[in-house]
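A.B. asks: Pasting the sequence and the predicted coordinates here, then a few questions.
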There are 2 protein chains.
Amino acid sequence: MTRIATLYEPIREELAAVEETLAAVGKADPPWLAEMLSAVLFAGGKRMRPAVALLAGRFGDYRRELSVPLAAALELLHTASLVHDDIIDSAGTRRGRPTASSLFDNHAAVVLGDYIFAQAAVLVAQTGNAEVIRLFAQTMIIMAEAELAEDRVAFDYQQTTADYLRRIKGKTAALFAVAAQGGALVANASREQTEALRSYGENLGMAFQIVDDILDFSGDEQEMGKPVGSDLMQGTLTLPSLILIERHPDDNPVRALFEERNRPDLLAQAIAMVRESEIIEESYRMARDFGDRACAAVAPLSEGTARTALEGLTDYVLERRT
Amino acid sequence: MTRIATLYEPIREELAAVEETLAAVGKADPPWLAEMLSAVLFAGGKRMRPAVALLAGRFGDYRRELSVPLAAALELLHTASLVHDDIIDSAGTRRGRPTASSLFDNHAAVVLGDYIFAQAAVLVAQTGNAEVIRLFAQTMIIMAEAELAEDRVAFDYQQTTADYLRRIKGKTAALFAVAAQGGALVANASREQTEALRSYGENLGMAFQIVDDILDFSGDEQEMGKPVGSDLMQGTLTLPSLILIERHPDDNPVRALFEERNRPDLLAQAIAMVRESEIIEESYRMARDFGDRACAAVAPLSEGTARTALEGLTDYVLERRT
């Protein structure tokens, strides 16, 4: 089992600096704002996007005073999008803790997310790197577009695996990609290195999201701190359910679930069919493919602790249970 | 009566370029996204923030290729915050048209707002001006903070005029201030000119918001396209209601309205008390004070069509009926 602390060892000190930066953002005045921010900034995130950016920076002329603000900005962008996501999903919990939208009302959660987006923008501006600033804003566009696209097809039974892959590329992989690319850019890595790292980030992000979607079927509710099957319940088809529909076009309960909604019996049936078949295994195979592609992307880069950590992260993403 | 087209005459061509930029943002692919964007980008806004930025640029070394993207970014930031506002307020209409949140569901409106914020960030990055980029992000922080502060005191009867002025400075005046300041900065105006224009923008914004809040009491529902008294109904104290409470601490209906809510009779009573007193006049006096300060701020700047237009805008803001 890959422990994340071990992987983070080469960037331990900088990650601590990222935490300090986030703590400074969280220490807002007035106190009620600091309290709202704390609830979402220190909710046990694994800081994977910052870690990817910091590790990517190691392949160039590492400049901590640029990498750390960038890394913190990536975590803030991620956090802000989770806060806004929670409004969308009306999920009761995330990472086992109450979500912003259940802690605060809808309006407050929207504006709190905006506040955090803006803090991310301030930090990314600190890099003084025009390309990174532009990429950051464009990534936010891509993420929003993918979220809107996902909304549109909620409870739509007519979707393919290709649609799904396109969606998660925008929703999740784009931010991992810009983390790696941005980390390389602020370190003045070469064009080849930067492109290799961008590709690493994108493929890692694909693997990450697929595993996330698998765990929504196979995970342990206690460990994950959220109910199993929440995607299907909210009308979102992910890889396991898409494979289920493909394999059992005529005898799967998803169509009926989407038509009638609020049918926990049909949801339970769908979850059982996925769990008891080879669908989980097949989905993991696909996630592993992306993990392999991530490793292949960085294979030409110089060996060392940074590359080992990036490779290790692909294992971690595949092995994680929460 | 000051006609806005006349005021905009010196920047007519650039405002057309701003419209083209906004149209390009609105022409998103896929078509369903373009449709969502059109509904909010071309809803009849007066483009005052772009106009202020373009006019401010006239006092320096005017560079259209920087001023136009900045001006468009300001309008997008404003639009995005309106889209997110509408979620908050659950208002049925804005500017007489359906709001984003009533056209789309809550989730879609949140993410659509994020998308527009990000497009604003892309455009402001095009200026390549680090200070403007930083100011833009910080303004978003200030606006979000003020919005959150307003939420917190909803239905709170214990507020002062000073609280109100602080709130609208963040909620509205900050964006007008950065419009003028940013317009000056991208034109390399002198430090004195830039500060004068920033002060102009801030004071214009204060006047603008006070008039907005007056119209919520005194306005014509037909002309405005939204019900009178919506602020009070939503628990927001603005200048007219604060003066009412000050003048009639023991016999005003606001305390009871805030305690019992959903009491249209008490709301109607409060509106009548404001309309039939000198409160409207007194509020306008305060707005005019800010307008005067805006004019005083630009008085030292060189005379000409740009300054005349800026001065005319303060009259326009005070005279507008919608």
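C.D. replies: Nice, I can see it. The shown structure was predicted, so the numbers you read here are calculated from the model rather than taken from an experiment.

A.B. asks: Show me where the stretch 51-200 of chain A has its strands.
C.D. replies: For the stretch 51-200 of chain A, the strands defined by DSSP state E, counting those that start in this stretch occupy A:93-94, A:97-98.

A.B. asks: least reliable of those going by mean pLDDT?
C.D. replies: Per-stretch mean pLDDT for the strands of the stretch 51-200 of chain A is lowest at strand A:93-94 (a mean of 42).

A.B. asks: Residue A:227 against residue A:219, yeah?
C.D. replies: No. Under the criterion of Cβ atoms under 8 Å, residue A:227 makes no contact with residue A:219, lying 9.8 Å away. In short, each C-beta sits where N, CA and C put it, glycine included.

A.B. asks: higher neighbour count, these two?
C.D. replies: More crowded of residue A:227 and residue A:219, by other Cβ atoms under 10 Å in any protein chain shown: residue A:219, with 20 against 14.

A.B. asks: Quick one: residues contacting that one.
C.D. replies: Contacts here follow Cβ atoms under 8 Å, 6 or more residues apart in numbering or on different chains; on that basis residue A:219 touches A:228, A:321, A:322.

A.B. asks: Among those residues, which one has the most neighbours?
C.D. replies: Going by other Cβ under 10 Å, residue A:228 tops the contacts of residue A:219 with 19 neighbours.

A.B. asks: Could you measure from that residue over to residue A:273?
C.D. replies: Between residue A:228 and residue A:273 the computed distance is 13 Å (Cβ to Cβ, to the nearest Å).

A.B. asks: same question, residue A:45
C.D. replies: 32 Å.

A.B. asks: One more: residue A:6?
C.D. replies: For residue A:6, the distance to residue A:273 - Cβ to Cβ - is 37 Å.

A.B. asks: who has more neighbours, those two?
C.D. replies: Neighbour comparison, residue A:6 and residue A:273: the larger count goes to residue A:273, with 20 against 11 (by other Cβ under 10 Å).

A.B. asks: What about the nearest residue to the more buried one once chain neighbours are set aside, how many residues nearby?
C.D. replies: Once flanking residues are discounted, residue A:273 sits nearest to residue A:244: 5.9 Å by Cβ to Cβ, 6 or more residues apart in numbering or on different chains. Neighbour count of residue A:244, defined by other Cβ under 10 Å: 22.

A.B. asks: give me every residue that touches residue A:244.
C.D. replies: A:252, A:254, A:270, A:273, A:274, A:277, A:279.

A.B. asks: And it, which helix or strand is it part of?
C.D. replies: Element membership for residue A:244, per DSSP states H and E: helix A:239-247.

A.B. asks: Quick check: buried residues in that helix?
C.D. replies: Residues of helix A:239-247 classed as buried: A:239, A:240, A:241, A:242, A:243, A:244, A:245 (neighbour count, 16 or more other Cβ atoms under 10 Å in any protein chain shown).

A.B. asks: What of stretch A:32-43?
C.D. replies: Buried residues in stretch A:32-43, defined by neighbour count with 16+ other Cβ under 10 Å: A:33, A:36, A:37, A:39, A:40, A:41, A:43.
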